[in-house]
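Visitor: the following comprises the amino acid sequence and a computationally predicted model.
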Amino acid sequence: MSQGWLQIFAFAVLITASVGPLGGYIAQLIQGKSRIQRLFEPIENSLYRLAGVDPAEEQSWVTYALALLLFNVAGIAVLYALLRLQYLLPLNPQGMGAVSPDLALNTAVSFAANTSWQSYGGETTLGYFAQMAGITVQSFLSGASGIAVAIALVRGFARRSVLTIGNFWVDLTRVTLYLLLPICILVTLFLIWQGVPQTLGPYVGATTLEGATQMLARGPVGSQETIKLLSGDGGGFFNANSAHPFENPTALTGMIEMLLIFLIGASLTSTFGRMVGDRRQGWALYAAMMIMFAVGVSAVYASETAPNAALAAYGLDQSAGPLQSGGNMEGKEVRFGPAQSALFATVTTASSDGAVDAMHDSFAPLSGLVLLSNMMLDEVIVGGPGSGLFGMLLFAIVAVFVAGLMIGRTPEYLGKKIESNEVKMTMLALLCVPACILGITSVAAVLPNALGGLTNTGPHGFSELLYAYSSGAATNGSAFAGLNANTPFFNLTLAAAMFAGRFAVFVPVLCIAGTLAAKHIVPASSGTLPTHGLQFIGLLVGTTVIVGGLTFFPALALGPVAELFAR
């Protein structure tokens, strides 16, 4: 068990060590000061000319939001067309047919919304062209879109008395060209070296020990694997996702993949601190994130190293020993054991990634409660690239508003007065995801079309439904695997939850960015609440947990909490 805690500690140290350097690099490239930018500036400028974009022209928050929404809706349309017409497309050696209309819509919305919910098995549904030109491209673009929104909000805090928050096309291009692509190239080469396939050749047959023929799926896995983790998209080339040995062949690749999931989301806190001129502000946000992460991963790891109560009734030996890792091994890879499985599950739900190396449906009730709670907190515990930062900033606005009420002073954050418009837009953004989750789950819980997809009854069956819509609306994409979601009802309702949970949040966030950018800076005084110390970190953590807990406790009580007490 001590090795597991050491692995968790090593992960935390490596992430923390990367926050400052990568956060500083992101701040430089956003501001046009990166050295690599100067090297590839001709490529960047040629892209602007090709698209008819003036990089010097800044946009208001309304124009920025319209550009973002139209671009992503176009991405949904293109991916939908690729999926429906893939039988006509090249690079389809296995002859995959057209994806059904409802599944194609669900998948197109899923990847454009950075959710990666998959109601299909990748190796049995999609050809290579659809995987590369559709799924992989949207992983890049959806991740870059989320980062762009976060950067726009940071500009709102950093600027004063201006009506613009940047240029969406410039932000999208720079994030893709100078951040996502370089990291993906390097990590893809590493994954290929470790044994992840990267080929356009057809599937190969292998003879098993029993003499039967088994088809081994392969394809351009390495390049898709890297961006699915880095961008927060999480969609697997294979149905087993990162539990598949062709996606995650070794313990080392498992650690690298978890680091990729947190890398940008954590580092953007440092970017925030640098751009607002006070690095302590960024570290305060990061500290709040990591406190909640530490509590969650400790609970999950302790729960999964305990024996499975259902198996204990049969007298099975579940203790750790030389030949077994012990603990709850149902639904887990023996290669990884409970330690890496618990860490991976917490990382992927604390972020918006949704990649998995174990089946969450088989986790203990306490673990399922933590994984659900991670997503229900709008995934601000590091969160996805961009969405984690702006989500935490929304909770920071709520925290200073509450503090202002307690002392009878107009709330301020980083010298900007937080007034009624900012509070209204903040609450709209924070309540959008809970409304999607609870509203659609309550409908699904009473409809025969939805209940017919459950493989479990009682509290765990409800947990499967709650997890699905939490995963969709919170742009996560992981699942309790006991739910048969490839039906018209689930495909359409999950698509609606994913679209609203992503894009209905973007608009109020950009509105906040616009109103903050137009404000002037209020000089700090003796009555100003410090927002970089331990007091504010505690207030921020408390605000996040209490707001999320009050919103979702009734639903959690019907599912994972009831399971916990039933055990």
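Guide: Looks like it came in fine. Model, not experiment: these values are computed from the prediction. Residues are numbered from 1 along each chain as shown.
Visitor: CA atoms of the helix or strand where Val154 lies as CSV?
Guide: Val154 belongs to helix 137-158 when assigned by DSSP states H and E. The C-alpha trace of helix 137-158 is given here as CSV (Å, rounded to 0.1, in the frame of the first residue of the first chain):
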residue,chain,number,x,y,z
VAL,A,137,-9.1,17.0,-35.3
GLN,A,138,-12.1,17.8,-33.0
SER,A,139,-9.9,16.9,-30.0
PHE,A,140,-7.5,19.6,-31.0
LEU,A,141,-10.1,22.2,-31.8
SER,A,142,-12.4,21.6,-28.8
GLY,A,143,-9.4,21.7,-26.4
ALA,A,144,-8.1,24.9,-28.0
SER,A,145,-11.6,26.5,-27.8
GLY,A,146,-11.8,25.8,-24.0
ILE,A,147,-8.3,27.4,-23.5
ALA,A,148,-9.3,30.4,-25.6
VAL,A,149,-12.4,31.1,-23.3
ALA,A,150,-10.2,30.9,-20.2
ILE,A,151,-7.7,33.2,-21.7
ALA,A,152,-10.4,35.7,-22.6
LEU,A,153,-11.7,35.7,-19.0
VAL,A,154,-8.1,36.2,-17.7
ARG,A,155,-7.9,39.2,-20.1
GLY,A,156,-11.0,40.5,-18.5
PHE,A,157,-9.3,40.6,-15.1
ALA,A,158,-6.0,41.9,-16.5
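Visitor: for the helix or strand just after that helix, name the packing helices and strands.
Guide: Counting by DSSP H and E, the next helix or strand C-terminal to helix 137-158 is helix 168-174. Helices and strands touching helix 168-174, as assessed by 3 or more C-beta pairs under 8 Å, 6 or more residues apart in numbering; DSSP states H and E, comprise helix 2-30, helix 41-51, helix 61-84, helix 137-158. In short, each C-beta sits where N, CA and C put it, glycine included.
Visitor: those helices: which one's closest to Asp317?
Guide: Closest to Asp317 of those, according to C-beta to C-beta: helix 2-30, at 19.2 Å.
Visitor: just want the angle from the closest one to helix 137-158.
Guide: 70 degrees (axes from the mean of the first three to the mean of the last three C-alpha atoms, to 10 degrees).
Visitor: hang on, the earlier thing: most packed of the helices and strands packed on helix 168-174?
Guide: helix 137-158 (a mean of 26; mean count of other C-beta atoms under 10 Å).
Visitor: and it, how far out from the chain's middle?
Guide: 13 Å (C-alpha atoms, centre = their mean, to the nearest Å).
Visitor: distance check, the nearest residue to Ser161 once chain neighbours are set aside against Thr213.
Guide: Closest residue to Ser161 apart from its sequence neighbours, by C-beta to C-beta, 6 or more residues apart in numbering: His520 at 5.1 Å. Distance of His520 to Thr213, computed by C-beta to C-beta, to the nearest Å: 72 Å.
Visitor: angle of the helix holding Val154 against helix 61-84?
Guide: Using the same axes, to 10 degrees: helix 137-158 against helix 61-84 is 170 degrees.
Visitor: list the contacts for the residue lying closest to Ala12 once chain neighbours are set aside?
Guide: In space, and not counting its chain neighbours, Ala12 is closest to Met290: 6.9 Å by C-beta to C-beta, 6+ apart. Counting by C-beta atoms under 8 Å, 6 or more residues apart in numbering, Met290 touches 12, 16, 382.
Visitor: chain center to the host helix or strand of Leu260, what's the gap?
Guide: Element membership of Leu260 [criterion: DSSP H and E] is helix 251-275. Per C-alpha atoms, centre = their mean, the displacement of helix 251-275 from the mean C-alpha position of its chain is 12 Å.
Visitor: which helices and strands sit right next to it?
Guide: Partner elements for helix 251-275 (3+ C-beta pairs under 8 Å, 6+ apart): helix 2-30, helix 137-158, helix 181-194, helix 221-230, helix 279-305, helix 337-350, helix 387-407.
Visitor: buried residues in it?
Guide: 253-275 (16 or more other C-beta atoms under 10 Å).
Visitor: so where's this protein uncertain?
Guide: Where the chain drops to pLDDT under 70, the residues are 1, 553-559, 561-567.
Visitor: hmm, 80 instead?
Guide: Applying pLDDT under 80 to the chain flags residues 1-2, 33-35, 38, 308-326, 378-379, 407-410, 456-457, 481-482, 524-528, 548-567.
Visitor: got the angle for the helix holding Leu260 vs helix 137-158?
Guide: 30 degrees.
Visitor: okay if I get the helices and strands packed on helix 168-174 as CSV plus distance to Met425?
Guide: Compiled in CSV, the helices and strands packed on helix 168-174 are given as follows (distance: least, C-beta to C-beta, whole Å):
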stretch, distance to Met425
helix 2-30, 23
helix 41-51, 30
helix 61-84, 10
helix 137-158, 11
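Visitor: right, and the ones you listed - which one's nearest Ala299?
Guide: Comparing these by C-beta to C-beta, helix 2-30 comes nearest, at 11.9 Å.
Visitor: can you name every helix or strand that that closest one contacts?
Guide: Helix 2-30 packs on helix 35-39, helix 168-174, helix 251-275, helix 279-305, helix 337-350, going by 3+ C-beta pairs under 8 Å, 6+ apart.
Visitor: would you list those in TSV and tack on distance to Leu510?
Guide: Converted to TSV, the helices and strands packed on helix 2-30 look like this (distance: least, C-beta to C-beta, whole Å):
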stretch	distance to Leu510
helix 35-39	25
helix 168-174	9
helix 251-275	16
helix 279-305	19
helix 337-350	25
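Visitor: what's the nearest residue to the spatially most central residue of the chain if we skip its chain neighbours?
Guide: The chain has Ser352 as the residue nearest its centroid, 1.4 Å off, counting by C-alpha atoms, centre = their mean. Nearest non-adjacent residue to Ser352, counting by C-beta to C-beta, 6+ apart: Gly384, 3.1 Å away.
Visitor: same deal with Cys511?
Guide: Cys511's closest residue in space is Met425 (C-beta to C-beta, 6+ apart), at 4.9 Å.
Visitor: in what helix or strand does the one you found lie?
Guide: Element membership of Met425 [criterion: DSSP H and E] is helix 420-444.
Visitor: any buried residues in that helix, and which?
Guide: Neighbour counts over helix 420-444 (16+ other C-beta under 10 Å) mark 422, 425-430, 432-438, 440-441, 444 as buried.
Visitor: run the chain-centre distance for that helix.
Guide: Taking C-alpha atoms, centre = their mean, one finds helix 420-444 lying 18 Å from the centre of the chain it belongs to.
Visitor: by how many degrees do that helix and helix 137-158 diverge?
Guide: 150 degrees.
Visitor: and the contacts of helix 420-444?
Guide: 376, 378, 394-395, 397-398, 401, 450-451, 465-466, 469-470, 472-474, 489, 493, 496-497, 500-501, 504-505, 508-509, 511-512, 515-516, 547, 551-552, 555.
Visitor: mind listing what's buried along the helix or strand following it?
Guide: Using DSSP H and E, the helix or strand that follows helix 420-444 in sequence is helix 448-451. Burial within helix 448-451, assessed by neighbour count using 16+ other C-beta under 10 Å, is assigned to Ala450.
Visitor: and for helix 448-451, what's in contact with it?
Guide: 443-445, 461, 465, 487, 489-490.
Visitor: only alpha carbons, please: show the helix or strand in which Tyr469 is found as PDB.
Guide: For Tyr469, the element it lies in under DSSP H and E is helix 458-473. Provided in PDB are the C-alpha atoms of helix 458-473 (Å, rounded to 0.1, in the frame of the first residue of the first chain):
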ATOM      1  CA  GLY A 458     -32.100   0.000  -7.200                       C
ATOM      2  CA  PRO A 459     -29.600   2.700  -6.100                       C
ATOM      3  CA  HIS A 460     -26.800   1.500  -8.400                       C
ATOM      4  CA  GLY A 461     -29.100   1.600 -11.400                       C
ATOM      5  CA  PHE A 462     -29.900   5.200 -10.500                       C
ATOM      6  CA  SER A 463     -26.200   5.900 -10.100                       C
ATOM      7  CA  GLU A 464     -25.700   4.700 -13.700                       C
ATOM      8  CA  LEU A 465     -28.200   7.200 -15.000                       C
ATOM      9  CA  LEU A 466     -26.900  10.000 -12.800                       C
ATOM     10  CA  TYR A 467     -23.300   9.300 -13.800                       C
ATOM     11  CA  ALA A 468     -24.100   9.300 -17.500                       C
ATOM     12  CA  TYR A 469     -25.800  12.700 -17.500                       C
ATOM     13  CA  SER A 470     -23.200  14.100 -15.000                       C
ATOM     14  CA  SER A 471     -20.500  12.900 -17.400                       C
ATOM     15  CA  GLY A 472     -22.200  14.400 -20.400                       C
ATOM     16  CA  ALA A 473     -23.200  17.900 -19.000                       C
END
